[in-house]
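Just the structure for this:
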Amino acid sequence: MNAAAPSSVSDLTTNPLLDFSGLPRFDAIRPEHVVAAIDRLLEVAAAALETVTAPDFPARWDDMARALDVATERLGLAWGAVSHLNGVADTPELRAAYNEALPKVTEFWTRLGADERLYAKYKAMDLATLNDEQRRARENALRGFVLGGAELQGADKERFAQIQERQAELAQKFSENTLDATDAFTLYVDTAELAGVPADVLEATAAAAAADGKPGHKLTLKMPCYLPVMQFADSSALRQTLYRAYVTRASDQAEGDGTKFDNTAIMTELLALRHEEARLLGHRHYADVSLVPKMADSPEQVIAFLRDLAAKARPFAEKDLADLRAFAAEHLGLADPQPWDWPYIGEKLKEARYAFSEQEVKPYFTAPKVLAGLFHIVETLFEVSIRRDEAPVWHPAVEFYRIERPTPQGTQLVGQFYLDPSARTGKRGGAWMDDARARWLRPDSGALQTPVAHLVCNFADGVGGKPPLLTHDDVITLFHEFGHGLHHMLTQVNERDVSGISGVEWDAVELPSQFMENFCWEWDVLRHMTAHVDTGEPLPRELFDKMLAARNYQSGLQTLRQVEFALFDMLLHGQSEPVTSGEGILALLAEVRQEVALLLPPAYSRTAHTFSHIFAGGYSAGYYSYKWAEVLSADAYAAFEEAAQAKGGSTLDVATGRRYRQAILEAGGSRPAMASFKAFRGREPGIDALLRHQGMA
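Residues are numbered from 1 along each chain as shown. Presented below is the predicted three-dimensional model:
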C-alpha cells in the first residue's frame, strides 16, 4: 500500500499508531500506517474542539481536559512517534508519508492555537477552581493563544495560518537537505593517506569500505569519522578536502550535484515568514516574538549579555590563538595555518602541553561502563534506581530502561527512557532528548501516567567484537542529554502542560543538561565509570590529572564561537526588515565574525546553511539559551562544590541532590524558572561560577 492509499475500517483497527494501550509499537509502525492514522486522529481532535467550544460547554478545566486534551494528546503521541522515526530511521517511503501528513497536522495545531472560542473559554475559567499547576498552565495557554494568532481577525488570521504551515514545510525540507547533503558525501582513500588517524577509526572506516565492496577506507561527513580525521590526519590535503565538503554542505558552494540540496532559498523564505508573523502579532521583529515566553526580557538584553561575555572571553581567546600560531610555526612547519589545520594544530598542542590526547583516554570509556557510571551518579544523587526494561524499538541498537523510586510498599515507577546511541545512515546528526510521553494525572481515567523520554546520540559503533568506545566529549554529550531526560522524567507535577520540560522557559531548559556535564570532570565519579577495553584497568589518576589540566584548553576560543552563533542568530531575527538574500545572510555573519571571532573561515564557507538549531530546531532567536543557561547550571553546580568543601567529601552529596531534585527537576514548568532557581540557591544566579569553571576567572 502506498502512503496515500485510502484505508478501510479494518486497516484502522490494526494500525499500530492508533493503539494507545501501552508504549508506541515502534517495531510495527510502517509508512503506510501514517496518513490513515493521522487523518483519523485529526478527525477526532477536530470534533473534540467543536465540542468544547460550543456555547453551552462549561469553561471548566477538568471538563475541557477530558474532552479536548485527551484527543489532542493522542494526536501528539502518534505524530511524535512518526516524527521520531523520521529523525532516527529515515527512508524515502517514511519521508513521503511524513511530508504528506505534516501540512494537515500543522494546520490543525495552528487552528487550535488561534481559536478565539477556545481562547474565550480559557479566559472565562474561574481561577478559584484551579490548583497552582492548572493556574500556571492556564497563564501559559493564554500567552500561547496570543502568540498563536487568536486575537487576529479575517485575512490576517488566514495569512497567519498559511505562514505556520509553510514554515513547518520549510523547516522539514531544511532538515532533509542537511541530512541528504551529509549522507551524499563519500570518499574512498588508501591507508597511507590516513597516517596519524587512530586505529579504531581506521578499523571502522576499513569495515565501512569493505561493506561497500571497496578496498581501503570509506570517509564520510558523519561526526565519528569527520572529527577524528580533522584532528589527527597528517595530510593537510585530505583535511582540506573534508573541510571544504563539510562547510559547503547544503549550499550553492557544494561540489558536483551537491548544490541540489542548497538551503539558501529556504533560509531567506523562513526569515521573511517569521518577520511577517511578528508584524501580524504587533511586534517589531521575530526576536521579540521568540523572547515572549523566555526568561530574557528583550533582544537588547540578550545582545548585551553576549557582548559582555565576548569581552570577558576575548583576552583568553587571544592567548589561545597566539599559543596555537606559535606552536604551529615552531613544531609543525605551518607558518600560515589554514582553517582545516586548526583542529589538527589544536590536538597536537594539547598532546605536547598536557601529554594528553583524546585518543589516549578513549579506550577507558567503553559505552557499557560509562552508562553504568552515569546510572550510579543518578541513583546516588536523586535516590532512584535504573533497571533494564522491555519495549518495542526501531533498531536493534536501541535499549529501554525504567527509573524507580523506593517506597514503604516496594518500588514506584517514576519514568522510562529509550537510549539510541549509535550513528547510522538515515539518522540525523547531533544528540537530543525528546519526550515520548508526559507525566499526567489523566482526566479520562484518573490514573497517573508516567513520563517516557527518547535519548538520542550519534556515537561510533564498536569494532572487532569490542564494545563501542566513547571520547570524553561523547561522555559529556551523553550526560548532557541525560540531564534533559531527568528534567522530563523526575517531575512530580501532575498537570501535563507544565510537567517535566513542558512550560519551562526555553532559555532555562538547558540548566539540568549542562549541570550534569560537570560530573564528567570529577575524579570520584570518573574512576568508577572507566575500564580499559583490553585490560579492564580503570583510568589512571595521572591521565585524569592531564585531562583536568587540559579541561579549559581553548575555552576562550570556544566561548567566542558560541557567542558568534548566538549573536548571529539574535541579530538575524532582530532586523527591522528581514534579510532577503543569501548574500545578506553571509554579510551579517561576516559582520558578527568581524566583531567577535578571531578565526575567520574562507569565503566559500556556508556554515549557516546547516545551522539546523535556528532554521529547523526551534532555537530561532533562542540559540543564546545555551550560554544563558550555562550561567544557571554553573551556579547550581557550585552548590555541590560548596557541599563537598564543607563536608570534605564528594560532589555526589545526597542532601544537596535532594534539594536540587525537589526545587528544579520535580517542579518542572509549574512555576517560573527563576523561582525554581531561587528555591534551590536562595538567590538569583551570578556569572562567577561559569567564568571559574571555564578558566576565565
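
C-alpha from now on. contacts and neighbour counts both.
Noted.

Now stretch 399-419 - C-alpha only, CSV.
Provided in CSV are the C-alpha atoms of stretch 399-419 (Å, rounded to 0.1, in the frame of the first residue of the first chain):
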residue,chain,number,x,y,z
GLU,A,399,17.9,0.0,24.7
PHE,A,400,15.0,0.7,27.0
TYR,A,401,15.1,1.4,30.8
ARG,A,402,12.9,2.2,33.7
ILE,A,403,13.5,4.6,36.7
GLU,A,404,12.0,3.6,40.0
ARG,A,405,11.8,5.1,43.5
PRO,A,406,11.7,3.0,46.7
THR,A,407,8.6,3.4,48.8
PRO,A,408,7.5,1.7,52.0
GLN,A,409,5.2,-0.6,49.8
GLY,A,410,8.1,-1.6,47.4
THR,A,411,9.1,0.4,44.3
GLN,A,412,7.2,3.0,42.3
LEU,A,413,7.7,3.6,38.6
VAL,A,414,8.9,7.2,38.0
GLY,A,415,9.7,7.2,34.3
GLN,A,416,11.1,5.3,31.4
PHE,A,417,13.5,6.0,28.5
TYR,A,418,14.8,4.8,25.2
LEU,A,419,18.5,5.1,24.5
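
That one: how far from the chain's middle?
Using CA atoms, centre = their mean, to the nearest Å, we find the averaged C-alpha position of stretch 399-419 to lie 24 Å away from the chain's own average C-alpha position.

mind listing what's buried in that stretch?
Neighbour counts using 16 or more other CA atoms under 10 Å place 399-405, 414-419 of stretch 399-419 among the buried residues.

ok, so of those residues, who is nearest Phe375?
Distance to Phe375, by CA to CA, is smallest for Ile403 among these, at 9.9 Å.

so which helix or strand takes in the nearest residue to that closest one once chain neighbours are set aside?
Take Ile403 and drop its neighbours on the chain: the residue closest to it by CA to CA, 6 or more residues apart in numbering is Ile386, 4.6 Å away. With elements delineated by DSSP states H and E, Ile386 resides in strand 385-388, which encompasses its position.

Quick one: mean pLDDT for the next helix or strand after that strand?
Following the chain from strand 385-388 toward its C-terminal end, the next helix or strand by DSSP H and E is strand 399-407. Strand 399-407 shows a mean pLDDT of 97 in the predicted model.

Sheet-wise, list the partners of strand 399-407 with their directions.
strand 385-388 (antiparallel), strand 410-422 (antiparallel) (DSSP bridges).

and Ala181, which of those strands is closest to it?
strand 410-422 (19.5 Å).

what's next to stretch 213-223, contact-wise?
182-183, 185-191, 202, 205-210, 225-226, 242, 245-246, 423, 429, 458 (CA atoms under 8 Å, 6 or more residues apart in numbering).

Take those residues and keep only those in helices.
Per DSSP state H, helices hold the following members of the contacts of stretch 213-223: 182-183, 202, 205-210, 225-226, 242, 245-246.

Restrict these to the buried ones and give me that as a ChimeraX selection.
Provided next is the ChimeraX selection string for whichever of these are buried by 16+ other CA under 10 Å:
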select :182,183,202,205,206,207,208,209,225,226,242,245,246
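
Now distance to Glu318 and pLDDT too, for the ones in helices among the contacts of stretch 213-223, in TSV please.
Shown next, in TSV, are those (distance: CA to CA, whole Å; pLDDT from 0 to 100):
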residue	distance to Glu318	pLDDT
Thr182	33	96
Asp183	36	94
Leu202	35	97
Thr205	36	97
Ala206	39	97
Ala207	41	96
Ala208	40	96
Ala209	41	98
Ala210	45	97
Cys225	30	96
Tyr226	27	98
Leu242	27	98
Ala245	28	98
Tyr246	26	98
